[in-house]
Every structure is written in C-alpha cells, then in structure tokens.
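>>> Sequence first, predicted model second:
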Amino acid sequence: MNNRSTILTGAIFLMACGDASQSGQPPATELRSATETPVAQLVSDTLPAYVFSTDFLMGKFDPATHPDFVKADRQYTDGDTYFLHHLTYEAFKKMHAAAAADGITLTIISATRPFQRQKQIWEAKWTGARLVGGKDLSKSIPNPRQRALKILEYSSMPGTSRHHWGTDVDLNELENEYFTQGRGLKEYEWLVANAGRFGFCQVYSEKGTDRPDGYNLEKWHWSYLPMARKLTEFARHELKNEDISGFLGAETAAQIDVVNKYVLGINPVCR
C-alpha cells in the first residue's frame, strides 16, 4: 500500500479534536497549521496505521474483502449491499436504535464507494452516458473545466470522495426537497438534534461565508467524525491535486484545486 508519510516509523499521538459525544452537534475545532501538526500526530490509538495512507484515502482497496470493513445488515439499508468501516457501523447502529425509539427510520442508501466505483459514476456523467439535469454534459458543456465543475456540484472526482473512507453514509433520500416537509423534515430535524451524540455530522451544509467552496448542500450525507476528522486532516497534509488521476477529466483537478476546494471544503463544524 502506497504511503508517502513517515507515520509507520513515527511515534503515535492522539490528534486534538472536539468530543462529538457531548452535544447535539460536534463542536467546531480549530485545526492546526501544517507546521504545527506533524503527520504522525494524526494517528490515534484506535485507528490502525494503514488508514493513514494515500491509497486508503483515495479508495484504492476493496471494502468487500478488507478485514476492517463489514457489510451492513439489510435492516439498516434499502436492500442493496453496502460496506462500512466497523467503527462507523457500530456507531450507526446505535444511532439507528435511538432514532427508532423516537419513531424515526434511518436507512442507508449509500456507503463506502471505492475508487473504481466512483470512477464509473464520474465517467458516466463525463461522457454523457448518465444525464445530469437531463443533459448530456459532453455536448452541453464541451469545456472540460466547466464540465467538471458541473459534475462536482454533487459528485466527487475519483480519489477525492469521503465515501472512500468507510466513514460516510447517505440516508433516506438524495433530494434536499425531501427533507423540507413531512416525514423527511422530521428525520432531518432528528439528525440535526441528535446525530452529534453518536459522532455524526452533516459535512455538506449550506454554502456561504462559512463554507464558500465544495459540493452543494446535501442534507442526506452524514460523516462519522471520530475517524473522518482525522482523515480530513491527513488529506490536508498529504493529498495533492497531482495525485488525482486515472479517469476521464482528471486533468481538471489541478485547475480547480479540487483538494482544497472540495476535499477540504466542508462544514466547519465537522472539521
């Protein structure tokens, strides 16, 4: 497994971060600068060193065969097969039970996606095989950079998705409108009030002054911070735009600055 860092021979330290279990939403944590936070400090005694590698970060492994990933039971999903890192899965099951006790159903509709799966999604949109907003982007947006930016409204470039990590889940629906009324509104309000108690945070909040860059609002996308927060900081230090390659349109990654604007362009509360 590729790993540019020196953490395997370095000392093991805990990364300073907020305790998501103490409030409804995890507290915002002021991240240290690269000069203040050696990569070795990102390794927690609860996370194995393999997590802190660029291959893992970019989803270049098979979650179906990885020893630390588990398949979600059907009672938690929409019926499809999904894998999560076991730490995320255990936390999700606790959150699911608490939600059920309050009359709320949480259903996983997407979880871990390795590099190859994200490549399929991206290239289908890039080539027009999969329409975006009813349009074939290869024809409606011939400019590569502009086409990439359109896809990046909701879909990640392969190698840059949080769904690679086994820490992130999409819940119930993939439309923001669903969560604005009726049952969907109750589900979203429950998550906002309670997900933080189980370590989960909505990483793609409304864009604005606090989050000017990144994907559009996704009320369905929740990230398990005790693991994802460390991986986000690892990406800040180790992932480079030039690493993003191996798929159609990859040349636009550096033009867009996809690492800083998208991988790191998350809800500041979730950092």
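Nice, thanks for sending it over. Numbering: from 1, shown residues only.

>>> where along this structure do the strands fall?
Along the chain, counting by DSSP state E, strands occupy 69-71, 83-85, 108-110, 168-171, 200-202, 221-224.

>>> Mind giving me the packing neighbours of the second one?
Packing contacts for strand 83-85, counted by 3 or more CB pairs under 8 Å, 6 or more residues apart in numbering; DSSP states H and E, involve strand 69-71. Just so you know, the C-beta spots here come from the backbone N, C-alpha and C atoms, and that holds for glycine as well.

>>> Can you lay out the strands of the chain as a markdown table showing mean pLDDT and mean neighbour count?
Below are those laid out as a markdown table (pLDDT from 0 to 100; neighbours: other CB atoms under 10 Å):
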| stretch | mean pLDDT | mean neighbour count |
| --- | --- | --- |
| strand 69-71 | 98 | 17 |
| strand 83-85 | 98 | 24 |
| strand 108-110 | 98 | 18 |
| strand 168-171 | 98 | 24 |
| strand 200-202 | 98 | 25 |
| strand 221-224 | 98 | 26 |
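
>>> would you turn these into a markdown table with distance to Phe52?
Converted to a markdown table, those look like this (distance: least, CB to CB, whole Å):
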| stretch | distance to Phe52 |
| --- | --- |
| strand 69-71 | 17 |
| strand 83-85 | 14 |
| strand 108-110 | 24 |
| strand 168-171 | 17 |
| strand 200-202 | 20 |
| strand 221-224 | 16 |
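
>>> isn't Phe115 right next to Thr160, touching?
No. Counting by CB atoms under 8 Å, Thr160 is not a contact partner of Phe115; they are 9.9 Å apart.

>>> and for those two, which residues touch both?
With contacts taken as CB atoms under 8 Å, 6 or more residues apart in numbering, the residues that reach both Phe115 and Thr160 are Met58.

>>> who's more crowded, those two?
Remark: of Phe115 and Thr160, Thr160 carries more neighbours, 25 against 20, as counted by other CB atoms under 10 Å.

>>> For the residue positioned nearest the centre of the chain, list the residues it contacts.
Nearest residue to the geometric centre of the chain (CA atoms, centre = their mean): Arg162, 2.4 Å. Residues near Arg162 by CB under 8 Å, 6+ apart: 156, 168, 203, 223, 228, 263.

>>> now, which of those sits nearest Leu248?
Closest to Leu248 out of the contacts of Arg162 is Ser156 (14.3 Å), distances taken as CB to CB.

>>> give the contact list for the closest one.
For Ser156, the contact set (CB under 8 Å, 6+ apart) comprises 118, 122, 162-163, 215, 262.

>>> Of those residues, just say which sits nearest to Gly134.
When the contacts of Ser156 are ranked by distance to Gly134 (CB to CB), Trp122 comes first, at 18.4 Å.

>>> unless I'm mixing things up, Lys93 is touching Tyr76, no?
Yes. Using CB under 8 Å, Lys93 makes contact with Tyr76 at a distance of 7.0 Å.

>>> Please save the CA atoms from stretch 197-217 in CSV.
Extracted in CSV, the C-alpha atoms of stretch 197-217 (Å, rounded to 0.1, in the frame of the first residue of the first chain):
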residue,chain,number,x,y,z
ARG,A,197,-24.3,12.4,20.1
PHE,A,198,-23.2,9.4,18.0
GLY,A,199,-20.3,11.1,16.3
PHE,A,200,-22.1,12.0,13.0
CYS,A,201,-22.0,15.4,11.3
GLN,A,202,-23.6,16.8,8.1
VAL,A,203,-20.4,17.7,6.2
TYR,A,204,-22.1,19.5,3.3
SER,A,205,-24.0,22.3,4.9
GLU,A,206,-25.5,25.3,3.0
LYS,A,207,-22.7,27.1,1.2
GLY,A,208,-22.0,30.6,2.3
THR,A,209,-19.3,32.7,4.0
ASP,A,210,-18.5,29.8,6.4
ARG,A,211,-18.3,27.3,3.5
PRO,A,212,-17.7,29.1,0.2
ASP,A,213,-16.3,26.1,-1.6
GLY,A,214,-17.2,22.4,-2.1
TYR,A,215,-20.2,20.4,-3.0
ASN,A,216,-23.8,21.8,-2.8
LEU,A,217,-26.0,21.3,0.2
